[in-house]
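>>> take a look and give me a structure for this.
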Amino acid sequence: MDKLKNQRGLAALEIILATAIIAILATVTVPKMARVLDKISLNYEMKRLYSTLHFTRSVDKLTKYNVSIFTNVFDTGAGRVRLHIQKTNYLIKHENNSLTDFIDKHFWASGFQFSYPAALKIIAFDSQGKGLNANNGAADGTITLTSRFGDKAYITVNSVGRIRGSYEKPK
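Okay, the predicted model is just below:
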């Protein structure tokens with residue numbers, strides 16, 4: 001009985017076993033957490049680009065009416081607001097201004113890849129909300145967002161002005 005009362009601390013074997021259990025649990029959960037964080041980033045990027053496209057379309061429709069609230073931020077004399085998609089970011093800018101004079105700039109999450117038809121490199125909308133490309137032609141196509149683990153999200157823009165986001169490939 002006296003031996004048990006005098007024992008203090010942990011034996012080396014107990015410490016090794018506890019460390020091994022923690023290491024096994026970490027090797028199982030860390031990769032799963034990385035995939036979860038990757039899906040969260042993909043979801044964020046898709047929703048951000050989707051809402052930016054809606055914002056661009058709304059501004060183009062509102063500036064048709066020369067709304068005074070927007071004259072400071074969105075000068076109607078500068079032309080349509082356009083979305084410029086680039087490899088590492090996208091810009092929202094007036095069509096008549098240089099790429100250094102932009103309204104908003106968003107950098108993609110690291111490790112993400114984006115593919116899109118050449119017609120969708122620059123997207124604008126007319127006063128009725130119809131999608132236009134850089135040549136004022138119809139903006140039809142799908143932007144594909146691919147995460148580090150290969151998960152994909154799609155944003156489809158068509159000439160009627162519909163913008164759709166999906167995790168399934170459009171038909």
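
>>> show me where pLDDT drops low in the protein?
1-7, 63-80, 94-102, 134-136 (pLDDT under 70).

>>> recalculate using a threshold of 90.
Along the chain, the parts satisfying pLDDT under 90 run over 1-14, 30-31, 34, 45, 48-145, 148, 155-165, 169-171.

>>> let me see the ranges of the helices in it.
Listed in chain order, the helices of the chain (DSSP state H) span 2-6, 12-63.

>>> quick one: Leu62 from Val81, how far?
Plainly put, Leu62 is 10 Å away from Val81 if you go by Cβ to Cβ, to the nearest Å. Backbone N, C-alpha and C define where each C-beta goes, glycine included.

>>> and these two? Which one has more around it.
Val81 (24 against 16; other Cβ atoms under 10 Å).

>>> which one of the helices of the chain is the most hemmed in?
Highest mean neighbour count of the helices of the chain: helix 12-63, a mean of 14 (counted as mean count of other Cβ atoms under 10 Å).

>>> picking that back up, of the helices of the chain, give the one that comes closest to Ser147.
Proximity to Ser147 (Cβ to Cβ) singles out helix 12-63 among those, at 4.4 Å.

>>> give the other helices and strands that the closest one contacts.
strand 81-85, strand 89-94, strand 104-107, strand 122-125, strand 141-146, strand 152-157, strand 163-166 (3 or more Cβ pairs under 8 Å, 6 or more residues apart in numbering; DSSP states H and E).

>>> just the CA trace of stretch 161-171, in CSV.
What follows is stretch 161-171, C-alpha atoms only, in CSV (Å, rounded to 0.1, in the frame of the first residue of the first chain):
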residue,chain,number,x,y,z
GLY,A,161,-28.4,37.6,-68.3
ARG,A,162,-28.9,34.4,-66.2
ILE,A,163,-26.1,33.6,-63.8
ARG,A,164,-26.1,30.2,-62.2
GLY,A,165,-23.8,28.6,-59.7
SER,A,166,-23.5,24.8,-59.3
TYR,A,167,-21.3,22.0,-58.1
GLU,A,168,-22.5,19.8,-61.0
LYS,A,169,-21.3,20.3,-64.5
PRO,A,170,-23.9,22.2,-66.6
LYS,A,171,-25.5,20.2,-69.4
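
>>> what's the spacing between it and its chain's center?
Relative to the centre of its chain, stretch 161-171 is centred 15 Å away, using Cα atoms, centre = their mean, to the nearest Å.
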